[in-house]
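Enquirer: Quick one, fold the following:
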Amino acid sequence: MLRTSVRQLVAAILVLLCITNARVGAAQAVRGAVLGTVTDKTGAVLPGATINVTNTGTSVIQATVADSQGRYSVADLLPGTYDVEASLSGFQKVVRPAIRLVVGSQILVDFSLGPSSVAETITVTAAAPIVDTVSAALGR
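Expert: Presented below is the predicted three-dimensional model:
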């Protein structure tokens, strides 16, 4: 009789553990991810590019940096609409607006960054030495 009670207790505990684990697994599926690759216009990868994923409803920003192969991943995002932005010094900033993320999805957002249009102005303020046209002496 005691063995039957112990077996029933163990079986009940196992059933409860299975139900609990099923609920935990379901809770993890309510999030999504945005991932992709950052390249330049020639197709070369751009490691170190900064990626900002902004929830347009809450204005919460999650940032990451592209790895050595230009890949990035931002996980654990709530369902909603996001603006995804990629930037790197010397390159144009690119924004992909209104990316809709649904439950359990992984959205692929690749970027191709062009060179930035940085304009530089160089101003020379020192005057050139005046040439001595009167003397026949050579200078150094």
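Enquirer: looking at it, Thr37 is touching Ser73, isn't it?
Expert: No: using Cβ atoms under 8 Å, Thr37 makes no contact with Ser73, being 10.4 Å away. C-beta here means a position set from N, CA and C on the backbone, and glycine is covered the same way.
Enquirer: And the residue lying closest to Asp76 once chain neighbours are set aside, its phi and psi?
Expert: Of all residues not flanking Asp76 in the chain, Arg31 sits nearest, at 5.0 Å (Cβ to Cβ, 6 or more residues apart in numbering). The phi/psi pair for Arg31 (degrees, to the nearest 10) reads phi -100, psi 170.
Enquirer: In contact with Arg31, which residues?
Expert: With contact set as Cβ atoms under 8 Å, 6 or more residues apart in numbering, Arg31 has these partners: Ala75, Asp76, Leu77, Leu78, Val103, Gly104.
Enquirer: Could you measure from it over to Ser59?
Expert: Applying Cβ to Cβ, to the nearest Å, the value for Arg31 to Ser59 is 19 Å.
Enquirer: all strands of the chain, in order?
Expert: Using DSSP state E, the strands of the chain run over residues 32-40, 50-55, 61-65, 71-77, 80-87, 94-101, 106-108, 111-113.
Enquirer: Please dump those strands into CSV; it should also carry mean neighbour count for every row.
Expert: Formatted as CSV, the strands of the chain follow (neighbours: other Cβ atoms under 10 Å):
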stretch, mean neighbour count
strand 32-40, 20
strand 50-55, 19
strand 61-65, 13
strand 71-77, 16
strand 80-87, 19
strand 94-101, 14
strand 106-108, 13
strand 111-113, 20
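Enquirer: Tell me how the chain divides into domains.
Expert: For the chain, automatic domain parsing gives the domain ranges 1-30, 31-113.
Enquirer: could I get the ones you listed as JSON lines with mean pLDDT?
Expert: What follows is these, written out as JSON lines (pLDDT from 0 to 100):
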{"stretch": "domain 1-30", "mean pLDDT": "60"}
{"stretch": "domain 31-113", "mean pLDDT": "94"}
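Enquirer: Tell me who's in contact with Gly32.
Expert: Shown in contact with Gly32 (Cβ under 8 Å, 6+ apart): Leu77, Leu78, Pro79, Leu101, Val102, Val103, Gly104, Ser105, Gln106, Ile107.
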